[in-house]
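**Q** What shape does this take:
(chains A and B)
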Amino acid sequence: MAEQPVIALDQVAFHYETRLILENIDLTVHNGEFISIIGPNGGGKTTLLKIVLGLLTPSRGQVRLFGQAPIQTRRFVGYVPQFIHYDPQFPVTVSDVVLMGRLGGRLGGGYNRADREAARRALEELKIVPLANRLFSQLSGGQRQRVMIARALAGEPKLLLLDEPTANVDAEGENNLSQILRELNKRMTILLVSHDISFVSTLVQRVLCVNRSLVPHTPDELSAEAIQDLYHSHLQIVQHSTECFEEGHAHD
Amino acid sequence: MRMIEFFQALADPDLSFLRYALAVGLLASVAFGIIGTFVVAKRISNIAGAISHSVLGGIGAGLFLQVVAGWAWCSPLLGAVVAALGSALLIGWVSLYTRQREDTIISALWSVGMAVGLLFLAKTPGYTDPMSYLFGNILLISKFDLWLVMGLNVLVVGLAFFFYHQFLAVCFDEEFARLKGVPTHFFYLLLLCLTALTVVLLVRVVGIVMVIALLTLPSAVATYFSRRLWQMIIMSILFCMAFTGVGLGVSYVYNLPSGPTIILLAAGVFLLVIGFQKLFKKQH
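**A** Numbering: from 1, shown residues only, chains lettered A, B, ... in the order given. Below you'll find the predicted structure:
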């Protein structure tokens, strides 16, 4: 294939001190794909994202982002973290936060007209223009999440990485979020990390299960055995084909 | 009004130290307001505390080398600057590149700096009173300090102005700033070094022990009146000026030590603001 993959991991392993977190990870993500990484807490999902972004260096294997070392190309990635450790009294407005998405590739100085317009478009796309002058700390979880996505979009990324986007969002927020992501996938590659199988199964083309190693699935194959195998326990199971799905709950 | 005495004293040609103290205090408020805002927003006031206490080690070493070793070019101020920058870089390096317990290193540096300073002072002949370094002594302030403070202000204001958005992003979400290509480690170390220089300059007014309160309390008060980081910076500068100016006046009129007066005034206002905040539960 002539087109170079957006993300290419080759036999990646990661240790935290002496503990093995990830091993034998091979992953290729192509342009325009919508992929989800699922897996239990502590299974290495966030670690894998941070390796892709070059925030963590793998102990083995090779990482390529847009064909280069992540540190060279991560400016083209829109990263939406699960939470940020910010001071709740930090005086910063929504538009301040969204403009941070435009920081890339400058030494110092302020934002120009193109930066402000890109931030404006991102606010419009997420329908949060009325929040622009609100304090970030006064927002609800769902609003804050939209601001984080808008900040990522302001940088006009080619790849959007989201870490647990449904963690602080209610059911309605989840619905809106899937619409937004579906729309965004028309123009960019999306990789999202989640433990919420019901959310991802309706959206994505490919599901990767991470629990130290990586097991690829299509959403249809997310069988009960595969999930149980992954989580070593009973949990909410989704069988999914095109748009309709049925849910089966298994309680312990 | 007894405050008139203070203004009369300021005009008295025999009391030039008082004018210098007031001028240094007001001018240094600019650097303090800016750096204090970043220190409070990034929540590194304990690091700033360790840096300020390590300054005593530098002062002691500077005096010792000047008096005992006969290095004429050495001075307590030079020692203080070297010690402050050294400890800032050491803490920065520990927190960025090693997996040591940062809080342990910070408190160790805090005490070791004091211990080194007191030993050097004890072994330096002549009368050197650690009290004036620990708690401030405005009699030590000279015209030279005025020039130093103005130089530092130019540096701090220039850097804060040019790198405002970078500092904002590093304080708010360092990881994201790094992904966007901002050299966050550089900005973190720069912030610590500027903190070190700023702290050294006001040690003579309020002393090593209390300088950290003057760095953080104005910004802590300003937090309640600002929606943007730049507003917090301006408010911090104004509060810092008010605390040092009024504090110096009160301490002169009632013959009180200047450092504690300034700090208690700042702390009192901070408590009042928190109290009012709780009482009225404004939308901020």
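**Q** Chain A: helices as residue ranges?
**A** A:45-52, A:70-73, A:94-99, A:113-125, A:141-154, A:171-184, A:197-201, A:224-231 (DSSP state H).
**Q** how about low-confidence regions in the chain?
**A** All of this refers to chain A. A:1-2, A:86, A:217-252 (pLDDT under 70).
**Q** I was thinking of chain B, sorry if that wasn't clear
**A** Applying pLDDT under 70 to chain B picks out residues B:1, B:127, B:281-284.
**Q** List the residues that contact the spatially most central residue of chain A.
**A** Central residue of chain A (CA atoms, centre = their mean): residue A:162, 1.5 Å from the mean position. Applying CB atoms under 8 Å, 6 or more residues apart in numbering or on different chains, we find residue A:162 in contact with A:80, A:149, A:181, A:190-193. From N, CA and C alone the C-beta is placed, and that goes for glycine too.
**Q** what about stretch A:136-155 and chain B, any contact?
**A** Yes - remark: stretch A:136-155 sits within contact range of chain B at A:138, A:151, A:155, by CB under 8 Å from any CB of the partner chain.
**Q** right, and the second one touches residue B:172 too?
**A** This points to residue A:151. No - using CB atoms under 8 Å, residue A:151 is not in contact with residue B:172, being 10.4 Å away.
**Q** Quickly list what's touching both of the two.
**A** With CB under 8 Å, 6+ apart, residue A:151 and residue B:172 have common neighbours A:97, A:100.
**Q** between the two, which one's more packed in?
**A** residue A:151 (28 against 23; other CB atoms under 10 Å in any protein chain shown).
**Q** sorry, back to before: closest one of the contacts of residue A:162 to chain B?
**A** residue A:80 (9.5 Å; CB to the nearest CB).
**Q** Without its sequence neighbours, what residue ends up closest to the closest one?
**A** Distances taken as CB to CB, 6 or more residues apart in numbering or on different chains put residue A:162 closest to residue A:80, at 4.4 Å, once the chain neighbours are dropped.
**Q** distance of the one you found from residue A:147?
**A** 13 Å (CB to CB, to the nearest Å).
**Q** Would you mind listing what in the stretch 151-252 of chain A touches chain B?
**A** A:151, A:155.
**Q** In the stretch 151-252 of chain A, what residue lies closest to chain B?
**A** residue A:155 (6.9 Å).
**Q** tally of neighbours for the closest residue to that residue other than its chain neighbours?
**A** If the residues on either side of it in the chain are set aside, residue A:155 comes closest to residue A:101, at 4.2 Å by CB to CB, 6+ apart. Residue A:101 has 26 neighbouring residues, counting by other CB under 10 Å.
**Q** cool, residue A:116 as well?
**A** Residue A:116 - counted by other CB under 10 Å - has 16 other residues nearby.
**Q** Give me the buried positions along the helix or strand hosting residue B:155.
**A** Here residue B:155 sits within helix B:143-162, counting by DSSP states H and E. Buried residues in helix B:143-162, counted by 16 or more other CB atoms under 10 Å in any protein chain shown: B:145-146, B:148-150, B:152-153, B:156, B:159-160.
**Q** Now do it: distance to the chain's middle.
**A** Mean-position distance between helix B:143-162 and its chain equals 13 Å (CA atoms, centre = their mean, to the nearest Å).
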